[in-house]
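*Asks:* here are the coordinates; sequence isn't available:
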């Protein structure tokens, strides 16, 4: 999953980074490389805040010199896909917890994009809502 970040020069130097699709998430960096690194962390936090609020806007594609594509790390991406599948299924968190035989608090951590979760737990959650997780590997763009 990719969201586009807007990189704008800061008055004091460096870059201020925002995500046009997300109402949360702003960061900055003294250099473009630092701003890119900070943007990746900020994106995970912004996505997590949107999920907690119950609404995650779909990413759009932006063009222009000031925009950079920021990819969610794989684990955070899986959690977003799990959250979306859970929303689409109509199954509540409490029911998912019952099906997995874990507490509702553990479901919250399972959906927390900033929390490290074991892959087998994510796979089990997908299975509990009638989905199967698959992973793909792609060549990097040259």
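*Replies:* That came through, no problem. All values derive from a computational prediction rather than experimental measurement. Numbers count the residues shown, from 1 in each chain.

*Asks:* other residues contacting stretch 41-58?
*Replies:* 3, 5, 17, 19, 21-27, 70, 72-73, 76, 79-80, 83-84, 111-114 (CB atoms under 8 Å, 6 or more residues apart in numbering). All C-beta atoms are positioned from the backbone trio N, CA, C, and that covers glycine.

*Asks:* now swap in stretch 126-141 and tell me
*Replies:* 74, 78, 81-82, 85-86, 89, 91, 96, 99-100, 122-123.

*Asks:* span of it from start to end?
*Replies:* 30 Å (CA to CA, to the nearest Å).

*Asks:* list the buried residues of it.
*Replies:* 126, 128, 129, 131 (16 or more other CB atoms under 10 Å).

*Asks:* tell me the two of these that are most distant?
*Replies:* Farthest-apart pair in the buried residues of stretch 126-141 is 128 and 131; separation 8.7 Å (CB to CB).

*Asks:* what ranges do the strands span in this structure?
*Replies:* With DSSP state E as the criterion, the chain has strands at 2-9, 15-18, 26-29, 67-71.

*Asks:* which of those is buried the deepest?
*Replies:* Most buried of these, by mean neighbour count (mean count of other CB atoms under 10 Å): strand 15-18, with a mean of 21.

*Asks:* any idea how far that strand is from the chain center?
*Replies:* 18 Å (CA atoms, centre = their mean, to the nearest Å).

*Asks:* who does residue 2 form a beta bridge with?
*Replies:* residue 71 (DSSP bridges).

*Asks:* quick one: contacts for it?
*Replies:* Counted by CB under 8 Å, 6+ apart, residue 2 has contacts 59, 69, 70, 71, 72.

*Asks:* try residue 19
*Replies:* Applying CB under 8 Å, 6+ apart, the residues near residue 19 are 3, 4, 5, 6, 25, 42, 43, 46, 70.

*Asks:* can you put those in a markdown table and add distance to residue 107?
*Replies:* Supplementary listing: these in a markdown table, determined by distance: CB to CB, whole Å:
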| residue | distance to residue 107 |
| --- | --- |
| 3 | 25 |
| 4 | 30 |
| 5 | 30 |
| 6 | 33 |
| 25 | 24 |
| 42 | 25 |
| 43 | 23 |
| 46 | 21 |
| 70 | 27 |
